[in-house]
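1. Okay, sequence plus prediction incoming.
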Amino acid sequence: MKSSYQTKLLIEQHFHGAFGVDFNKASVDDVLYLSKEILKYGIGGIFPTVVTDSIENTRRAVSVIKEASQKQTSDMAKILGIHLEGIFINPEKKGIHNPKHFLSPTVENYKLVEDNFIKIVTLAPELDNGLIKYLKDKNVKVQAGHCTGGDLTGCSGVTHLFNAMSGITHRGKSAALSALINDDIYTEIIADGVHVSDDALKLLFKTKPIDKIILVSDCLPCTKLEDKRVRGLEDKLFNDISHSEVLQEQQSDNDHTSIPPYLYTSVFADETIYYDGVKATSKEGTLAGSTTLLPEIIKRLAGKIEDRKAGGMNVRQLTGEQGSGSQEVKPFNNSNIDENLKEQQNDNNLPFRSFASRPFDTDHTSIKQLINNPYKYHNIDLNGSIEWDGDWNIVSVNNQ
């Protein structure tokens, strides 16, 4: 019989909305609705993430989210602050962001949108003109993202490692390489199976101390849209471009493969986004964000551990090991497991050792550590817990 697990509530520090709610366009009631719904998925703390937009729209979004945080009730995920992603990023790694709104990362430009509720800022450090120091002095987390440079001086972390940044190189510096080799840098990762391959995950988990990895979803407003449809509000999100208009565009386009197959469309970051039920992209195929919430990501990673214990094919895909399942594998750099989790492991009569000498994560201590990491990164605490079954499905959420 499989064990069950208890963890802290999840903290989501990078997501743009869900249930049809877009933080850049939302009302106070929309934000409150989302914070209530998302707690049902075990997510007890959130940093609503604002994508690149005009100064006016950015200021409005920040104001709305801040006001919502002051009107929350006990049955809602706590709004812990705002993650400002964009405006100060590199056009060469813009991703889905609209470059017409980009500004140089200066203190003067930041003051155009500044608010004490902004707790995380993603920027391109190679373009910095004094903003990094200014933010650090105000205890704002500075994360390198949508960038090309490899000097991460002054940064607390990196935003969605590997995505929209310079990759690993054997000559010179790059953002991804610097993040991997610097044990003081926290690294966001979108482990949804779409944004990052299992080989890239293997590299991350073998390279970084386990307590410096932050799981994020970077999910879009269309995530869990079926729940929004229950509210009867789908038209509010998806009437920006009608199904018939897209069909007409497909029929008139000489290259019929240029528009990807889709279930429905929406507008995000001034771009038409096509969602096919698995991934959401622009017309050109650029990933716009994920459509997966954190509990599904955790279940996926936990499944990799189970596959590894069973010696299945997925273990070898994830770890790079060849041959039979009896071979020792080393998927995580577990040298920095929290002391309380070490004690918990010892309580289970499992001697604590570095993953370099452990065949597998028998009690899923690594998953629990990944859940704990945002608490340490932001120096916060939340009441509540999650009960998971042996397959890492949520059984119950306690927010008291």
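-> Happy to help now that I have it. Numbers count the residues shown, from 1 in each chain.
2. quick one: pLDDT of A18?
-> Looking at A18, its pLDDT is 95.
3. Next, count neighbours for it.
-> 27 (other CB atoms under 10 Å). The C-beta positions use only the backbone N, C-alpha and C, and glycine is treated the same way.
4. do you know how far the residue nearest to it when sequence neighbours are not counted is from E296?
-> Leaving aside its chain neighbours, A18 sits nearest to T223 (4.2 Å; criterion: CB to CB, 6 or more residues apart in numbering). Distance of T223 to E296, given as CB to CB, to the nearest Å: 10 Å.
5. out of those two, which sits in the more crowded spot?
-> T223 (26 against 19).
6. State whether the more buried one and T292 are indeed in contact, as I suppose.
-> Yes. Between T223 and T292 there is a contact under CB atoms under 8 Å: 7.0 Å.
7. Please enumerate the shared neighbours of those two.
-> Common contacts of T223 and T292 (CB atoms under 8 Å, 6 or more residues apart in numbering): S217.
8. Double-check that E12 belongs to a strand.
-> Yes. E12: assigned to a strand according to DSSP: H, G, I helix; E, B strand; the rest coil.
9. per-residue confidence at it?
-> Here, the pLDDT recorded for E12 equals 98.
10. is it true that it touches P295?
-> No. The pair E12 / P295 is not scored as a contact, 10.2 Å apart, by CB under 8 Å.
11. Give me the more crowded residue out of those two.
-> E12 (27 against 19).
12. residues near V64, how many?
-> 21.
13. residue contacts, it?
-> With contact taken as CB under 8 Å, 6+ apart, V64 is in contact with 26-28, 31.
14. How much space separates the nearest residue to L80 once chain neighbours are set aside from G384?
-> For L80, ignoring the flanking residues on the chain, the nearest one in space by CB to CB, 6+ apart is G45 at 4.9 Å. Separation of G45 from G384 (CB to CB) stands at 9 Å.
15. quick one, which of the two is more surrounded?
-> Shown here are G45 and G384; by other CB under 10 Å, G45 has more neighbours (25 against 17).
16. State the distance from the more buried one to V51.
-> 20 Å.
17. What does V395 show for phi and psi?
-> Main-chain torsions, V395, degrees, to the nearest 10: phi -90, psi -40.
18. dump the residue contacts of it.
-> 4, 387-389.
19. isn't there a strand covering S396?
-> Yes. Per three-state DSSP, S396 lies within a strand segment.
20. Pull the contacting residues for it.
-> 386-387 are the contacts of S396 under CB under 8 Å, 6+ apart.
21. and if you look at D270?
-> D270 neighbours (CB under 8 Å, 6+ apart): 53, 98.
22. What separation is there between it and K376?
-> 36 Å.
23. What of L203?
-> Counting by CB to CB - L203 and K376 are separated by 23 Å.
24. These two - which one has more neighbours?
-> Of the pair L203 and K376, L203 is the one with more neighbours under other CB under 10 Å, namely 18 against 14.
25. I figured that one hits L177, correct?
-> No. Here L203 does not reach L177: they are 10.6 Å apart, not a contact under CB under 8 Å.
26. just checking, next helix/strand downstream of the strand or helix carrying E108?
-> Per DSSP states H and E, E108 falls inside helix 107-110. From helix 107-110 onward toward the C-terminus, using DSSP H and E, the following helix or strand is strand 118-123.
27. That following strand pairs with which strands?
-> Strand pairing for strand 118-123, determined by DSSP bridges: strand 82-85 (parallel), strand 141-144 (parallel).
28. what does that strand rub up against?
-> 13-14, 47, 62, 80-86, 88-89, 105, 110, 131-132, 135, 140-147, 159, 378.
29. in this structure, which ranges drop under the pLDDT threshold?
-> Counting by pLDDT under 70, the chain shows low-confidence ranges at 1-2, 226-262, 305-337, 339-363.
30. Spatially central residue for it, please.
-> In the chain, the residue lying closest to the centroid (CA atoms, centre = their mean) is V216, at 2.1 Å.
31. what's that one sitting at in phi/psi?
-> Here V216 shows phi and psi, under degrees, to the nearest 10, equal to phi -130, psi 160.
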